[in-house]
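K.L.:
Here is the input, now give the coordinates:
(one chain, ligands or ions: 1)
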Amino acid sequence: MEKKELMDKISKKVRNCNKCPLYKKAQNAVPGEGNINSDIVFIGEAPGANEDKTGRPFVGRAGNLLEKLLDDIDLKREDVWIGNIIKHRPPNNREPQPGEIAACEPYLTLQLKAIRPKLVVTLGRFAMYYFYKGGKISRDHGNLIRADKGLYVYPVYHPSAGLRNGKFREALEADFKRIPQILKQIRIEDNSNKVTSSNQEEKLKGQLSLEI
Ligand code: URA
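P.N.:
Model (predicted):
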């Protein structure tokens, strides 16, 4: 299956999902959006009120800050792919529960398998835990991690934390400024392993199927 077709099918599955109770109170599912050919993706926690209303990720105040941070490194939201670990809004923006995270997990796993980004920037601790169970955001933000499934993960604070607290905002700005250099380094390493990755690409093409 081609990447675009697969991504559309995953979005459709997400919109019809009833694997945990969150869908009952949500207005819209938020599958994620953006450039599915981007080398870099940004993964948040869960939709808030604005995202629930529109079905789009990061369109409220946290989204405005995310766009500003992207602009600082010459990126627009359309250049990258933006998603969440949880696709329906938890009531009153409460923290996602382990059962909800587990129910939603296959969607993001499959989305990342299709996009195959070189770098996953996780926004906040829940998105970081998804890839790195032993993580601690105060210690690990701004450090590149080689996570499972060969993914490079770069944890940063959640933009909402940056809106609440000047120290988190400073850390977010500093961590974002390092992204272009980190991506450049990963691309250089990737190029020196080119033969292996084109073999992997062939293998992956065969594996892209909808198993949710
Ligand atoms: N916060 C998130 O983690 N995700 C969104 O989409 C919006 C706010």
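K.L.:
what number of residues lie near Ile145?
P.N.:
Counted by other C-beta atoms under 10 Å, the residues lying close to Ile145 total 16. C-betas here are computed from N, CA, C, even on glycine.
K.L.:
what's the closest non-adjacent residue to it?
P.N.:
Spatial nearest neighbour of Ile145, excluding adjacent residues (C-beta to C-beta, 6 or more residues apart in numbering): Val153 at 4.7 Å.
K.L.:
Would you verify that the one you found is located in a strand?
P.N.:
Yes. Counting by DSSP: H, G, I helix; E, B strand; the rest coil, Val153 is located in a strand.
K.L.:
Check the gap between the residue of the chain found nearest the ligand and Ala161 for me.
P.N.:
Shortest the chain-to-the ligand distance, computed as C-beta to the nearest ligand atom: residue-wise this is Gly44, at 2.9 Å. Look at Gly44 and Ala161: by C-beta to C-beta, to the nearest Å, they are 12 Å apart.
K.L.:
Show me the common contact partners of the two, please.
P.N.:
Shared contacts of Gly44 and Ala161, defined by C-beta atoms under 8 Å, 6 or more residues apart in numbering, are found at Gly124.
K.L.:
which one of the two has more residues nearby?
P.N.:
Gly44 (28 against 21).
K.L.:
State whether Val121 is indeed within a strand.
P.N.:
Yes. Counting by three-state DSSP, Val121 is located in a strand.
K.L.:
didn't it look like it was pressed against Ile43?
P.N.:
Yes. Counting by C-beta atoms under 8 Å, Val121 touches Ile43, with 7.1 Å between them.
K.L.:
Can you list the buried residues in stretch 184-195?
P.N.:
Ile186 (16 or more other C-beta atoms under 10 Å).
K.L.:
Oops, could you answer that again for stretch 60-72 instead?
P.N.:
Neighbour-count burial for stretch 60-72 flags Gly60, Ala62, Gly63, Leu65, Leu66, Glu67, Leu69, Leu70 (criterion: 16+ other C-beta under 10 Å).
K.L.:
Need the residues that contact it.
P.N.:
Stretch 60-72 is contacted from outside by 42, 44, 48-51, 57-58, 76-77, 79-80, 82, 123, 158-160, 162-163, 172-173, 176-177, using C-beta under 8 Å, 6+ apart.
K.L.:
how far is the helix or strand Pro180 falls within from where the chain is centred?
P.N.:
Counting by DSSP states H and E, the element that carries Pro180 is helix 179-192. Its chain's C-alpha centre and that of helix 179-192 lie 19 Å apart, by C-alpha atoms, centre = their mean, to the nearest Å.
K.L.:
Please write out the alpha-carbon positions of the lengthiest helix in the chain in CSV.
P.N.:
Using DSSP state H to define each element, the chain has its longest helix at helix 98-115. The C-alpha trace of helix 98-115 is given here as CSV (Å, rounded to 0.1, in the frame of the first residue of the first chain):
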residue,chain,number,x,y,z
PRO,A,98,-2.4,3.9,30.8
GLY,A,99,-5.3,1.9,29.2
GLU,A,100,-6.1,4.8,26.9
ILE,A,101,-2.5,5.1,25.8
ALA,A,102,-2.3,1.4,25.2
ALA,A,103,-5.5,1.4,23.2
CYS,A,104,-4.3,4.2,21.0
GLU,A,105,-0.7,3.0,20.6
PRO,A,106,-1.0,1.0,17.4
TYR,A,107,-2.2,4.1,15.5
LEU,A,108,0.9,6.2,16.1
THR,A,109,3.2,3.2,15.7
LEU,A,110,1.7,2.6,12.2
GLN,A,111,1.7,6.3,11.3
LEU,A,112,5.4,6.4,12.1
LYS,A,113,6.1,3.2,10.2
ALA,A,114,4.5,4.8,7.2
ILE,A,115,6.2,8.2,7.5
